[in-house]
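Engineer: this is a predicted model, with the sequence first.
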Amino acid sequence: MTDHDHSHGHSLAEDLQRIDALMARRRALKWFAGAGTVAFLTGCGGSDAASTDTTTPTTATPTPTPTATPTPTPTSTTATGTCIADPQETGGPYPADGTNTASGSTSNVLTSTGIVRSDIRASFLTTTTVATGIAMTFTITVVNVNATCAPLAGYAVYLWHCDRSGNYSLYSAPGESYLRGVQVTDANGQVTFTTIFPGCYDGRWPHMHFEVFSTLSNALGGRYAILTSQFAMPAGSCTTAYADTTTYPSSQSNFARVALSSDNVFGDNTTAQLAQMTPTITGSPSTGFTATAVIGVAR
């Protein structure tokens, strides 16, 4: 005996109930079709279901483009307050600090009696020759860039530079020891030297050399500098000084052939570094120059 289809042969009451159920189902399907076919498919099928609907356009929501916040350019990575750390520079070929030789022997004027002095114009070793040129009083302030530019007292500064003809004592002027000296900073972090405006020799921007030591005893021992660097003379002061070709016989022509931007020491310094490495100079050749500068060290 085979199975039969049980969809027929019911009573009228049962048929009416089945018809009512069928109509209710059709009304429900019609409601879904009219109210939210896309929403229904999307809710059930996720991204794959949404991709099957090719008749309903999708309006993309634009992604706002963020506005970049400019990053300020620091004057120096070690800047603190209004000062920066001076860059390390070469001591050059004429330091007389024990790091090289002069005339075949080690040259270390820092171990010599008499190197601690404010007026550095006269030789003090084998002669008493006084270097001539435009007189200049130079006050230097040593500060700690890691302590809001606080002055550093008790630090020693060794200053040296060429004479009006571009020669360095103990080297190209081997019999002399002028234009070299050490001073110790006071409570204001300051030292003052009496010297002359340096000449300009061929190939270099006019400059002065310096070394900073944490104590005087370290300075007098030589080769213990915590900073070796240079000062760049202001262009205006150079032009004024070298106009006197009697006092500075070759500086004017040498100066005309050099540029700060191409100098082998100052050429790669930042604007902020150069600003600090350039002394402020007032006065005149007849009355003498007065100079001030800041040396920043990180302590």
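Structural biologist: That came through, no problem.
Engineer: what's the neighbour count on Pro87?
Structural biologist: 21 (other Cβ atoms under 10 Å). Just so you know, the C-beta spots here come from the backbone N, C-alpha and C atoms, and that holds for glycine as well.
Engineer: now it: which helix or strand?
Structural biologist: Assigned by DSSP states H and E, Pro87 falls within no helix or strand.
Engineer: which SS state does the residue nearest to it when sequence neighbours are not counted fall under?
Structural biologist: Computed as Cβ to Cβ, 6 or more residues apart in numbering, the closest residue to Pro87 that is not its neighbour in sequence is Gln273, at 5.6 Å. Three-state call for Gln273 (DSSP: H, G, I helix; E, B strand; the rest coil): helix.
Engineer: can you count the residues close to Gln273?
Structural biologist: Around Gln273 there are 21 residues (other Cβ under 10 Å).
Engineer: what about the stretch 1-150 of the chain, any weak spots by pLDDT?
Structural biologist: In the predicted model, the stretch 1-150 of the chain carries pLDDT under 70 at residues 1-81.
Engineer: hmm, 90 instead?
Structural biologist: Applying pLDDT under 90 to the stretch 1-150 of the chain flags the ranges 1-82, 99-107.
Engineer: quick one: the strands in the stretch 151-299 of the chain, in order.
Structural biologist: Using DSSP state E, counting those that start in this stretch, the strands found in the stretch 151-299 of the chain span residues 156-160, 180-184, 190-196, 207-213, 227-232, 280-284, 288-297.
Engineer: how about JSON lines for those, with mean pLDDT, distance to Ala135 and mean neighbour count added?
Structural biologist: Below are the strands of the stretch 151-299 of the chain laid out as JSON lines (pLDDT from 0 to 100; distance: least, Cβ to Cβ, whole Å; neighbours: other Cβ atoms under 10 Å):
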{"stretch": "strand 156-160", "mean pLDDT": "98", "distance to Ala135": "15", "mean neighbour count": "24"}
{"stretch": "strand 180-184", "mean pLDDT": "98", "distance to Ala135": "15", "mean neighbour count": "23"}
{"stretch": "strand 190-196", "mean pLDDT": "98", "distance to Ala135": "6", "mean neighbour count": "21"}
{"stretch": "strand 207-213", "mean pLDDT": "98", "distance to Ala135": "15", "mean neighbour count": "24"}
{"stretch": "strand 227-232", "mean pLDDT": "98", "distance to Ala135": "17", "mean neighbour count": "23"}
{"stretch": "strand 280-284", "mean pLDDT": "98", "distance to Ala135": "9", "mean neighbour count": "14"}
{"stretch": "strand 288-297", "mean pLDDT": "98", "distance to Ala135": "4", "mean neighbour count": "21"}
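Engineer: please identify which of those strands is closest to Pro87.
Structural biologist: Pro87 lies closest, by Cβ to Cβ, to one member of those: strand 227-232, at 6.3 Å.
Engineer: related to what we said a few turns ago, can you redo the strands of the stretch 151-299 of the chain as CSV with distance to Ile140?
Structural biologist: Formatted as CSV, the strands of the stretch 151-299 of the chain follow (distance: least, Cβ to Cβ, whole Å):
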stretch, distance to Ile140
strand 156-160, 6
strand 180-184, 8
strand 190-196, 5
strand 207-213, 8
strand 227-232, 9
strand 280-284, 11
strand 288-297, 5
